[in-house]
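K.L.:
What shape does this take:
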Amino acid sequence: MPRTATVSRTTGETNITLTIDLDGTGKVDVSTGVGFFDHMLNAFGRHGLFDLTVRATGDYDVDDHHTVEDVGIVLGQAVREALGDKAGIGRFSDACIAMDEALVQAAIDVSGRGQAYVTLPLPTQKVGTFDTELAQEFFIAFARDAQLTLHVRELEGENSHHIIEAAFKAFGRALRFACEKDARVTGVPSTKGMLA
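P.N.:
Got it, this is the predicted structure:
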């Protein structure tokens, strides 16, 4: 059974349609109007082996905050929907990604509880025109709406671009392994019998 989902969300601030295939090959086609963010979503999809399509427009005259946060919301909703009953998944995963001087770890528990713990001390407030604090806002929005626990932690880093890109790659890789099916897992991987 395909583990795919398409979610649309329209507000007074953004208009987003997103499709994800958890069992894809890393085909990514994104357009959010925020260049650096598109680059990060591309890294996430390619290294997570997710097929991902995103079309988003936002209130760029204000700033990019609503667009980045709302894409996080919609991606979270789509992942939650695509996972279905979560039977047979690995559930837990972590990945540590090096990118030049930067080293970032992401860890995931598909717990049914939406929480994010993000420690990304970034040396600059901007990468190009992108507000670097928006990386944290994205991860928080995603984890809340995907209903999973996400930790993202910078272990080393001096360049904001490298740190954020390593974070998105680690996030993609960790999500891939947490969502992958494991033939040895019977039912939902929980001693409670449910993930909530």
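K.L.:
ranges for the strands of the chain?
P.N.:
Secondary structure of the chain (DSSP state E): strands at 4-10, 14-21, 28-31, 51-58, 92-99, 102-109, 115-119, 126-127, 130-131, 149-156.
K.L.:
can you put these in CSV and add distance to Asp38, mean pLDDT and mean neighbour count?
P.N.:
(Each C-beta comes from the backbone N, C-alpha and C, glycine too.) Formatted as CSV, the strands of the chain follow (distance: least, Cβ to Cβ, whole Å; pLDDT from 0 to 100; neighbours: other Cβ atoms under 10 Å):
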stretch, distance to Asp38, mean pLDDT, mean neighbour count
strand 4-10, 18, 98, 15
strand 14-21, 13, 98, 20
strand 28-31, 5, 98, 16
strand 51-58, 8, 98, 20
strand 92-99, 18, 97, 17
strand 102-109, 20, 98, 22
strand 115-119, 21, 98, 15
strand 126-127, 13, 97, 17
strand 130-131, 10, 98, 18
strand 149-156, 19, 98, 18
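K.L.:
I'd like those strands as TSV, with distance to Lys169 appended.
P.N.:
What follows is the strands of the chain, written out as TSV (distance: least, Cβ to Cβ, whole Å):
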stretch	distance to Lys169
strand 4-10	22
strand 14-21	17
strand 28-31	13
strand 51-58	14
strand 92-99	5
strand 102-109	8
strand 115-119	15
strand 126-127	15
strand 130-131	17
strand 149-156	11
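K.L.:
what's the closest of those to Ala82?
P.N.:
strand 4-10 (4.1 Å; Cβ to Cβ).
K.L.:
And that closest one, how far out from the chain middle?
P.N.:
From the chain centre to the centre of strand 4-10 is a distance of 15 Å (Cα atoms, centre = their mean, to the nearest Å).
K.L.:
Please apply the same query to stretch 95-115.
P.N.:
10 Å.
K.L.:
Endpoint to endpoint, it covers what distance?
P.N.:
Chord length of stretch 95-115, first to last residue, is 18 Å (Cα to Cα, to the nearest Å).
K.L.:
And Ala107, how close does it get to Phe50?
P.N.:
18 Å (Cβ to Cβ, to the nearest Å).
K.L.:
what separates Asp63 from Ile140, distance-wise?
P.N.:
17 Å.
K.L.:
Compare those two and say which is more crowded by neighbours.
P.N.:
In this view Asp63 and Ile140 are compared by other Cβ atoms under 10 Å, and Ile140 has more residues nearby, 21 against 14.
K.L.:
Is that one in contact with Val118, as I believe?
P.N.:
Yes - the criterion here is Cβ atoms under 8 Å, and Ile140 meets it with Val118 at 6.8 Å.
K.L.:
Contact partners for the closest residue to Gly128 other than its chain neighbours?
P.N.:
Closest residue in space to Gly128, ignoring its immediate chain neighbours: Phe36 at 5.5 Å, by Cβ to Cβ, 6 or more residues apart in numbering. Contacts for Phe36 (Cβ atoms under 8 Å, 6 or more residues apart in numbering) come out as 127-130, 161.
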